[in-house]
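1. when you get a sec, could you give me coordinates for this:
(chains A and B)
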Amino acid sequence: MQTNNIFSAVRFGLYMRKHLLDNYRMYGMSVIVLAVLSLVILLISSTDNFSVTTSGILPVFFIGMYITGLIFTSLSFRELGSKQQGIDYLLFPASHLEKFVTTLLITTIGFLVIYHLAFYCSYQILDFIYYTKRNAHIHNDLAHYMRETPWEYIYFGWFAAQGFMLLGAIYFQRYSFIKVIFLLPIFLFLLYLFNSVFAIIFFGGKLHAWYTHAPFVGVQVMTGNGDENTIFDFLIIPEKLQHIFLFMFKYLLPPILWTLAFARLRDKEI
Amino acid sequence: MISIQNLSFSYRKNKPLFEHLNLQLEAGHIYGLLGKNGAGKSSLLKHIAGLLFPDAGHCKVLGYESRYRQPAFLQNLFMVPEEFYLPQVSIKSYLSTYAPFYPLFDKKAFYNYLEEFQIPTDQRLTDMSYGQKKKVLISFALAANTKMLIMDEPTNGLDIPSKSQFRKVIAAAVNDDKCIVISTHQVRDLDNLIDSIVIIDNHKIIFRESVETVTDKLLFRNVSNIADAGNVLFSDSSIRGHAIITENEGAEHSRIDMELLFNAVLDKPERITKIFN
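-> Next up, the predicted model:
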């Protein structure tokens, strides 16, 4: 039978099984550490005589999701940092796509499911402690919070950050978390400077200052000579463009970063 | 089986490791890849396995461009590197996760090889010595029944009895469909095993002949007085006398001394090339 060199569901399943069997100890320990750490942080954040609400816990939840999720992603492809493991990884008879999708699924869906479960367990323990102290459950205002807050953008942001971290993990096999955390602000600052050049070219003397702009959002301009009659106005990009940029941030940025990481994996040499 | 054409490669600019290197290797042979330190033996094996990419030229193995590392290629190639990795699992678990990816894997043969190497099958890989782990990897490599088997310094870390067991199992494993390439410094470990010799030096393949052709054309002898030996191509003196190479003009039979041949090829490449052309 002709071997499928791009993606075979059977081979992918076997590869996923191999990956989980090779790493189950590390993943199991991580889940326990995650649950215990969440509980400790929740207990610390509830020291105010347990006057805690569910929405009050959410900042801890989201910060934890970013920190642990990005550290976990940064550990992907760590095999390539070692010559021996790198040879084993690259010569294993699965396609690059199967290897990459395995890592992607584990660092996105796998991580998010485990994180939510671990945090939920910690929350239940906290609730139990709360109940024994106050004879009542933690006030659950999650439904209200979700109605009032665009919480889904926290997840979109997480996927974008995860994409950057995955790309970094394949470029820098060692200390990738630190390197990405260091390089990402530099990249964003360069983007800002690049945008400054265009803002100056397009708006010239009307630009309030060289730094009064936000990439992909708008620029602050002034009409007048800079005296007390000068009017400052923040010009925002057209609504249609806003939607396009938003769509790109939400749905295109992470896949683009994943594709770049995949291309890098294919070109990896040891 | 392996077709390398015009391969050029360098790790650093202006320091080429290979320049227009050409090499054809066929199935049914055990090739010994010899060369000085830094000549590029391991790098050549990595090119064959698709772990390094040529700067120019092509490296095709079983009809596949090795650099793409396609599954159809990888399931027909096994590499035993000098420094290798085995996961922290039991032999049974290693077998259950790795073997399904090699369509011709022979589980029974794997256990037979382990028995031959006297490896306890209930032991965890992490609890094994370097030599034992290497024997597990070699056993797996042979049981995988891949058409290409490449080994980088496979006898490093093996004790004396294991080296002889190694020769025995490799000699038994080769068949008309299989090509084995062994890179080594320790040529004496591979005596009677290699049937073709490939020597790499100065960015190129400078020698590629079968052992049969070598012994047809060259005579390997030990003499006490070098002056009586006639037209000596190369000699190496020791306390026991002189090991020499001469042209085999009388169609005599001698046993190849690979270390001597290697030194002769590096010392007098023109003379050796002239004899074989």
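2. look up how far A:Phe187 lies from A:Ala94.
-> Computed as CB to CB, to the nearest Å, the A:Ala94 to A:Phe187 distance reads 32 Å. To be clear about C-beta, it is placed using only N, CA and C from the backbone, and glycine gets the same treatment.
3. which one of the two has more residues nearby?
-> Each of A:Ala94 and A:Phe187 has its neighbours counted (other CB atoms under 10 Å in any protein chain shown); A:Ala94 has more, 24 against 11.
4. which residue sits closest to the more buried one, ignoring its sequence neighbours?
-> Excluding the flanking residues, the one nearest A:Ala94 by CB to CB, 6 or more residues apart in numbering or on different chains is A:Tyr15, at 4.4 Å.
5. quick check: the one you found touching A:Lys99?
-> Yes. At 6.7 Å, A:Tyr15 and A:Lys99 qualify as touching, with contact defined as CB atoms under 8 Å.
6. give me the common contacts of these two.
-> Taking CB atoms under 8 Å, 6 or more residues apart in numbering or on different chains as the contact criterion, the residues that touch both A:Tyr15 and A:Lys99 are A:Phe92.
7. contact partners for the residue nearest to A:Ala94?
-> Listed by CB under 8 Å, 6+ apart, the contact set of A:Tyr15 reads A:92, A:94, A:98-99, A:102, B:101.
8. of all pairs in those residues, which one is the farthest apart?
-> Farthest pair in these (CB to CB) is A:Thr102 and B:Phe101. Separation: 13.5 Å.
9. between the two, which one's more packed in?
-> Between A:Thr102 and B:Phe101, counted using other CB under 10 Å, the more crowded position is A:Thr102 (21 against 18).
10. for that one, give me its contacts.
-> A:Thr102 is in contact with A:12, A:15-16, A:19, counting by CB under 8 Å, 6+ apart.
11. try B:Lys41
-> Residues counted as contacts of B:Lys41 (CB under 8 Å, 6+ apart) are B:33-35, B:152, B:183, B:200.
12. B:Ala229 too?
-> For B:Ala229, the contacting residues are B:221, B:223, B:235, B:242, B:244, B:246, by CB under 8 Å, 6+ apart.
13. wait, which of those is closest to B:Ala172?
-> B:Arg221 (30.9 Å).
14. how about that closest one: what's its closest non-neighbour residue?
-> B:Ile244 (5.6 Å).
15. and if you look at A:Ile87?
-> What sits nearest to A:Ile87 in space, not counting adjacent residues and going by CB to CB, 6+ apart, is B:Pro81, at 5.2 Å.
16. surely the one you found is in contact with B:Asp152?
-> Yes. The pair B:Pro81 / B:Asp152 is scored as a contact, 5.2 Å apart, by CB under 8 Å.
17. would you map the helices across chain B?
-> Along chain B, the segments classed as helices by DSSP state H run B:41-49, B:71-74, B:91-98, B:107-116, B:130-143, B:160-173, B:211-217, B:258-267, B:269-276.
18. the residue nearest to the spatial centre of chain B and B:Ser196, how far apart?
-> Nearest residue to the geometric centre of chain B (CA atoms, centre = their mean): B:Ile182, 1.2 Å. Remark: distance between B:Ile182 and B:Ser196 (CB to CB) = 10 Å.
19. show me whatever sits in contact with both of these two.
-> B:30-32.
20. which one of those is nearest chain A?
-> Among these, B:Tyr31 lies closest to chain A (CB to the nearest CB), at 19.2 Å.
21. residues near that closest one, how many?
-> By other CB under 10 Å, 22 other residues sit near B:Tyr31.
22. identify the bridge partners of it.
-> Beta-bridge pairing of B:Tyr31 under DSSP bridges involves B:Val181, B:Ser196.
23. spit out the contact partners of it.
-> Each residue near B:Tyr31 by CB under 8 Å, 6+ apart is listed here: B:25, B:179-182, B:194-198.
24. let's have those in JSON lines, adding pLDDT.
-> Below are the contacts of B:Tyr31 laid out as JSON lines (pLDDT from 0 to 100):
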{"residue": "B:Leu25", "pLDDT": "96"}
{"residue": "B:Cys179", "pLDDT": "96"}
{"residue": "B:Ile180", "pLDDT": "96"}
{"residue": "B:Val181", "pLDDT": "96"}
{"residue": "B:Ile182", "pLDDT": "95"}
{"residue": "B:Ile194", "pLDDT": "92"}
{"residue": "B:Asp195", "pLDDT": "91"}
{"residue": "B:Ser196", "pLDDT": "94"}
{"residue": "B:Ile197", "pLDDT": "94"}
{"residue": "B:Val198", "pLDDT": "95"}
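25. what about B:Lys46, neighbour count?
-> 23.
26. format the helices of chain B as TSV; extra columns: mean pLDDT.
-> Shown next, in TSV, are the helices of chain B (pLDDT from 0 to 100):
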stretch	mean pLDDT
helix B:41-49	96
helix B:71-74	96
helix B:91-98	93
helix B:107-116	94
helix B:130-143	95
helix B:160-173	90
helix B:211-217	93
helix B:258-267	92
helix B:269-276	88
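27. pretty sure B:Leu137 sits against B:Val80.
-> Yes. Counting by CB under 8 Å, B:Leu137 touches B:Val80, with 5.6 Å between them.
28. partner residues bridging the residue nearest to B:Arg221?
-> B:Arg221, B:Ser235.
29. spit out the contact partners of it.
-> So, once contact is read as CB under 8 Å, 6+ apart, B:Ile244 ends up touching B:220-223, B:226, B:229, B:232-236.
30. name the element the closest residue to B:Ser93 other than its chain neighbours belongs to?
-> In this structure, B:Ser93 finds its nearest non-sequential neighbour in A:Leu21, 6.4 Å apart by CB to CB, 6+ apart. Element membership for A:Leu21, per DSSP states H and E: helix A:9-45.
31. buried ones in that helix?
-> Buried residues in helix A:9-45, counted by 16 or more other CB atoms under 10 Å in any protein chain shown: A:11-12, A:14-16, A:18-19, A:22, A:27, A:30, A:34-35, A:37-39, A:41-42.
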